[in-house]
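>>> this one's sequence-less:
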């Protein structure tokens, strides 16, 4: 049973008086302490669907005890480790993460960017200095706790839950222009009977994109599930689920490059309708008032919205999805595919949490050396390794 200290008073998570204490602390801007550690770990209070919830501070999951629900694997096991301190700077006093992006949120002139954009490539310059589009999407997923799963959540994670998690995570992030939540657009769940009201709310949110025709054009970041890439006279029209009446233009050269760079994501998506393909993109309005994609990245996920990269990783996630034990998916962020990252962490097994790695069949000596270094640096964790070139998946730990 998790316990918290709020304004000097200790309360269990099932205490009847907790709700009132959280509402009072939220109004007074107090921080609760999670007592999974003797000195406590600072958290914050979020308001969601009329309730007050205790959430972990940005990138603080590793500070919690592995048995705690707020625990997340050490940053060094994923691509997040190389970003903390440069691309992601945590302000512990304010409880926010300042993000440095390697893509613009404004464009000079009225024409959209050409296809040769770094965010459409797995090759990222200054990987430890700034966040690529893909890395930003991974960080939103990570901070929104969407990398976590247990069988007890089956059937309870739809787009509404995903959207709420992303928006709440964005509120704890800043970019050069201010709060990241002010430039992030995540479409709300679409209901045909509310079509007009939804369109009106969307128009109000996107009103900042109005094109003046001169100077810099403002851009926004969109995260949504792809419904289709519809044919157009040139390029494609991107249709995002839950906003079928609002289409975005993808230029022909950008579309060709997108198909090439994200060929694996397209292959998985086309092969299995149960999978989701999530896009993150920057967009603005051109001189004609049309929404045009500037830069774009894609991410494939399981039906439970857990990201994966390979068929072997998906096989592991499908096995873990049936278990009631908690699993946490590791993400690559800015790291290239030839660098090892933890595939999944199991924080609850005793006596120690387990880090699960999948080694590709074509891994070279440098990959193996890097993997061993990563494992040696975290002696408090047990390891499970699947060398896919040597046969079937090993037994679960």
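That came in fine, so what should we check first? Predicted, not measured: the structure shown is a model, and the values here were computed from it.

>>> need the contact partners of stretch 10-18.
1, 2, 3, 4, 5, 21, 35 (Cβ atoms under 8 Å, 6 or more residues apart in numbering). All C-beta spots, glycine's among them, are computed from the backbone N, C-alpha and C.

>>> could you rerun that using 7 Å?
Under the criterion Cβ atoms under 7 Å, 6 or more residues apart in numbering, residues 1, 2, 3, 4, 21, 35 lie in contact with stretch 10-18.

>>> repeat that for stretch 233-251.
Applying Cβ under 7 Å, 6+ apart, the contact partners of stretch 233-251 are 112, 115, 159, 187-190, 195, 199, 202, 224-230, 252, 254-255, 283, 290-293.

>>> ranges for the helices of the stretch 51-200 of the chain?
Assigned by DSSP state H, counting those that start in this stretch, the helices in the stretch 51-200 of the chain fall at 133-143, 159-170, 195-205.

>>> still on that earlier bit, show me which pair in the contacts of stretch 10-18 is furthest apart.
1 and 21 (16.1 Å; Cβ to Cβ).

>>> when those two are compared, which one has more neighbours?
residue 21 (19 against 6; other Cβ atoms under 10 Å).

>>> got the contact list for the nearest residue to that one once chain neighbours are set aside?
The spatially closest residue to residue 21, leaving aside those adjacent along the chain, is residue 6, at 5.1 Å (Cβ to Cβ, 6 or more residues apart in numbering). Applying Cβ under 7 Å, 6+ apart to residue 6 gives the contacts 21, 25, 30, 32.

>>> got a list of what the third one touches?
Residue 30 makes contact with 6, 7 under the criterion Cβ under 7 Å, 6+ apart.

>>> redo that, cut-off 8 Å
So residue 30 contacts 6, 7, 45 (Cβ under 8 Å, 6+ apart).

>>> now do the strands in the stretch 251-397 of the chain.
Assigned strands in the stretch 251-397 of the chain, in chain order: 276-285, 291-301, 327-329, 344-346, 354-359, 382-387 (criterion: DSSP state E, counting those that start in this stretch).

>>> check the offset of the second one from the chain's centre.
Which is strand 291-301. Taking Cα atoms, centre = their mean, to the nearest Å, the mean C-alpha location of strand 291-301 is offset from the chain mean by 14 Å.

>>> repeat for stretch 247-263
Per Cα atoms, centre = their mean, the centroid offset for stretch 247-263 relative to its chain is 22 Å.

>>> in it, what's buried?
Applying a neighbour-count criterion of 16 or more other Cβ atoms under 10 Å, one finds 247, 248, 249, 250, 251, 254, 255, 257, 258, 261, 262 buried in stretch 247-263.

>>> from those, which two are the most distant?
Farthest pair in the buried residues of stretch 247-263, by Cβ to Cβ: 247 and 261, 22.0 Å.

>>> please name the residues that touch the residue nearest in space to the middle of the chain.
The residue lying closest to the centre of the chain (Cα atoms, centre = their mean) is residue 141, at 1.9 Å. Going by Cβ under 8 Å, 6+ apart, residue 141 touches 147, 166, 299, 307, 331.

>>> which one is the first one nearest to, not counting chain neighbours?
Spatial nearest neighbour of residue 147, chain neighbours left out: residue 329 (4.1 Å); criterion: Cβ to Cβ, 6+ apart.

>>> then the third one?
In this structure, residue 299 finds its nearest non-sequential neighbour in residue 278, 4.7 Å apart by Cβ to Cβ, 6+ apart.

>>> residues near that neighbour, how many?
23.

>>> neighbours of residue 352, how many?
16.

>>> list the neighbouring strands of the one helix or strand in the chain whose mean pLDDT sits lowest plus their orientation.
Least confident helix or strand, the chain: strand 106-108 with a mean of 83, by mean pLDDT, DSSP states H and E. Neighbouring strands of strand 106-108 in its sheet, by DSSP bridges, are strand 216-218 (antiparallel).

>>> chain center to the partner strand: distance?
The answer for strand 216-218 is 26 Å, by Cα atoms, centre = their mean.

>>> list the buried residues in that strand.
Applying 16+ other Cβ under 10 Å to strand 216-218 flags 217, 218 as buried.

>>> ok, stretch 186-203 next?
186, 187, 188, 190, 198, 202.

>>> next one: stretch 90-98 to chain centre, how far?
The answer for stretch 90-98 is 18 Å, by Cα atoms, centre = their mean.

>>> correction: stretch 354-372
That offset, for stretch 354-372, works out to 24 Å (Cα atoms, centre = their mean).

>>> just the endpoints, please. Distance across that stretch?
Criterion Cα to Cα, to the nearest Å; first-to-last residue distance in stretch 354-372 is 15 Å.

>>> buried sites along it?
Using 16+ other Cβ under 10 Å as the test for burial, stretch 354-372 gives 354, 355, 356, 357, 358, 359, 360, 363, 367, 370, 371.

>>> number of residues surrounding the nearest residue to residue 210 once chain neighbours are set aside?
Spatial nearest neighbour of residue 210, excluding adjacent residues (Cβ to Cβ, 6+ apart): residue 285 at 6.8 Å. Residues contacting residue 285 under the criterion other Cβ under 10 Å number 19.

>>> now residue 209
Residue 209: 16 neighbours (other Cβ under 10 Å).
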